[in-house]
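Take this sequence and fold it.
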Amino acid sequence: ATPPRFSRAAMDHKNAFASLPPRAQLAAAYRLCDLWGFNEGVCNHLTLEVDGAEDGGEHGDRGMLVVPHGLLWCETRASDLVRVGVAKGET
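Down below sits the predicted model:
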């Protein structure tokens with residue numbers, strides 16, 4: 001599927017999106033990808049690396065936000081996302 005073209009009015013809202021917390025941004029990305037038909041297949045996924053301070057933890061405590069297995073993209077909410085920790089010094 002081809003993503004829709006954005007109107008000038010939609011582009012004016014980009015700053016509003018950027019001001020959302022990381023969880024809300026990722027949840028919105030899942031819903032937009034579903035809307036645009038990018039949810040087909042079994043290997044599609046989106047993740048977001050966050051610092052703990054961005055997601056209610058300690059500064060420097062890195063992690064990844066992921067959607068739980070089996071949750072439909074069209075149903076994804078910020079509160080559904082799971083934070084998977086990454087130990088310091090690991091990549």
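
Enumerate the beta-bridge partners assigned to residue 66.
Following DSSP bridges, residue 66 is listed with bridge partners residue 82.

Flag the shaky bits of this protein, pLDDT-wise.
Under the criterion pLDDT under 70, the flagged ranges of the chain are 1-15, 41-42, 53-60, 87-91.

Please enumerate the strands of it.
Assigned by DSSP state E, the strands in the chain fall at 48-50, 63-66, 82-85.

elements contacting the longest helix anywhere in the chain?
Scanning the chain for the helix with the most residues, using DSSP state H, yields helix 22-35. When contacts are defined as 3 or more Cβ pairs under 8 Å, 6 or more residues apart in numbering; DSSP states H and E, helix 22-35 sits against helix 14-18, strand 48-50, strand 63-66. Every residue, glycine included, has its C-beta placed from N, CA and C.

So what touches that helix?
Contact with helix 22-35 is made by 17-18, 20, 39, 44, 46-48, 50, 54-55, 65, 67, 72-74, 76-81, as judged by Cβ atoms under 8 Å, 6 or more residues apart in numbering.

Please repeat the previous calculation with a cut-off of 6 Å.
Applying Cβ atoms under 6 Å, 6 or more residues apart in numbering, the external contacts of helix 22-35 come out as 39, 46, 48, 50, 54, 65, 73-74, 76-78, 81.

got a markdown table for the strands of the chain, with distance to residue 25 too?
What follows is those, written out as a markdown table (distance: least, Cβ to Cβ, whole Å):
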| stretch | distance to residue 25 |
| --- | --- |
| strand 48-50 | 7 |
| strand 63-66 | 9 |
| strand 82-85 | 14 |
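
Now render those as CSV, adding mean neighbour count and distance to residue 24.
Output for the strands of the chain, formatted as CSV (neighbours: other Cβ atoms under 10 Å; distance: least, Cβ to Cβ, whole Å):
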stretch, mean neighbour count, distance to residue 24
strand 48-50, 17, 11
strand 63-66, 17, 11
strand 82-85, 13, 14
